[in-house]
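Enquirer: turn this into a structure:
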Amino acid sequence: MKINKREFYSNGISYIIRSAIEKDAKELSEIRLQIDGETENLDREQGEGFIDIPGFEEIIKTDTEGKSSLFLVAVIHDKIVGFSRCEGKQLKRFSHKVEFGVCVLKDFWGYGVGKNLLKESISWADSSEIKKITLNVLETNDKAIELYKKLGFEIEGVLKKDKVLSDGNYYNTIVMGRFSD
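Expert: Numbers count the residues shown, from 1 in each chain. Prediction:
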């Protein structure tokens with residue numbers, strides 16, 4: 001699906017959130033690789049699960065044409081600084097829900113980019129046939145967990161010792177969901 005672009009202003013920075021388009025694929029491939037190296041909050045280490053330009057073109061095309069997926073980008077001065085996806089499933093028993101994921105360049109943390117990508121995704125879901133948004137978050141990502149709770153997400157479960165990070169320790173993954181009536 002696609003949404004109308006919206007402009008946001010936070011802490012002296014103006015940015016736009018819009019639906020991804022196929023010409024974003026090169027920049028998305030590069031930014032995803034960079035973000036994976038900036039934080040351990042995501043599932044991948046830098047270079048793992050690499051998605052090339054044709055891969056992103058296909059994801060964008062599929063998400064734009066499908067009614068149960070949404071791919072958004074946050075743009076500052078024609079540069080993508082973050083993105084999010086709501087990925088739906090084609091199986092009828094899961095057609096009411098999507099899984100949300102978000103990535104923001106570290107230089108742009110604290111400007112509400114991730115929060116507004118999520119809010120736009122929630123707005124899209126609430127105006128469509130999507131009733132549930134799910135997400136996974138690392139137990140140490142307190143800011144994200146608090147944000148998700150403020151936006152109506154509840155903890156649905158814990159995947160114990162789900163990830164091993166660079167310090168060699170195992171960490172839990174928190175499974176959260178938001179259901180709209």
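Enquirer: does F153 touch N136 like I think?
Expert: No - with contact defined as CB atoms under 8 Å, F153 does not reach N136; the gap is 11.2 Å. Any C-beta I mention is one placed from the backbone N, CA and C, and that applies to glycine too.
Enquirer: mind listing the shared neighbours of those two?
Expert: Listed as contacting both F153 and N136 by CB atoms under 8 Å, 6 or more residues apart in numbering are M176.
Enquirer: between the two, which one's more packed in?
Expert: Legend: neighbour count by other CB atoms under 10 Å for F153 and N136, higher for F153 (23 against 16).
Enquirer: in contact with the closest residue in space to E139 that isn't next to it in sequence, which residues?
Expert: Leaving aside its sequence neighbours, E139 sits nearest to N172 (CB to CB, 6 or more residues apart in numbering; 4.3 Å). Contact analysis of N172 by CB under 8 Å, 6+ apart lists 138-139, 158-162.
Enquirer: of these, buried ones?
Expert: Using 16 or more other CB atoms under 10 Å as the burial test, the contacts of N172 include 138, 162 as buried.
Enquirer: among the contacts of N172, name the ones in strands.
Expert: Among those, the members found in strands (DSSP state E) are 138, 158-162.
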